[in-house]
Every structure is written in structure tokens, then in C-alpha cells.
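Just a sequence and a predicted model for now, questions to come.
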Amino acid sequence: MDLLHTPTLTELRAVLGDDLLGLLHLYAGSLHSQVHDIREAHRHDDIERLRRCAHSLKGSSLSVGAQALAALAADIENLADAAGDPSQRAQLEQQVLALPALVEETLAALRAGGWVPLA
């Protein structure tokens, strides 16, 4: 799966014009705090908060075409729902641990594609 769904970004650019940059800036600026919230909820075994935070990340990522990140957030959300199963808990931990690297890859892809300015 590609990191970004280019047709979504292209459609957003057609609808929002220059405002897309502001939207993507807000999205990019929120990613690290969203990851922090997910990791903290996981660390404290707060499954309901973990599920809500993953759901929020999934929605915001889908809305800007960050499809790989949305898919990982969906996996975390689904695994949180099944967290009573020990095998699911191990998989949940692996997915949560994979999140920071995928966020960085997504941000790099947004920059490389010219969707957000290089920082």
C-alpha cells in the first residue's frame, strides 16, 4: 500500500486551493501528539482511550489521503477492541510500536511530494 492516496490529495487541492497547505500543516502538526496519546494510553492499559485515539488518527489520516497511516490506526483500533485476547495484545503492542516510524515516513512523503513545505 502506498503511503499517500494521491487522488485524495489532488481532489483536496482542487477544492481547497491554497487552503490545503494550512490543512496539511495542521494535520502534520498534530501527528506527534496523536502518537503520544496512543502510546500513553497503551502504556497505561487504557483500552478505551487507546481505541478513541486510534479512531481519531484513522479519521484525520483518511481525510488527507494518508492511507497507510489510516490503515495502521484502524488496525490499532480493531486490536484494542479485541485486547482481552493475549495474542491480540502482543499484536497491538507491535502495531503501537510501529506507529512513530510510519508517521515519519508519511511526513517525509508529504514533503517529498510537494504537499507540504520542506522543514
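All right, it came through fine.

Can you mark which positions in whatever helix or strand Val15 lives in are buried?
Val15 belongs to helix 6-16 when assigned by DSSP states H and E. Residues of helix 6-16 classed as buried by neighbour count (16 or more other C-beta atoms under 10 Å): 9, 12. In short, each C-beta sits where N, CA and C put it, glycine included.

List the buried residues for the strand or helix carrying Arg111?
According to DSSP H and E, Arg111 maps onto helix 86-112. For helix 86-112, burial by neighbour count (16+ other C-beta under 10 Å) applies to 89, 91-92, 95-96, 99, 102-103, 106-107, 109-110.

got a list of contacts for stretch 93-109?
3-4, 28, 31-32, 35, 38-39, 42, 61, 66, 68-69, 72-73, 75-76, 79, 116 (C-beta atoms under 8 Å, 6 or more residues apart in numbering).

just the buried members of these?
Among the contacts of stretch 93-109, those classed as buried by 16+ other C-beta under 10 Å are 3-4, 28, 31, 35, 38-39, 42, 61, 66, 68-69, 72-73, 75-76, 79, 116.
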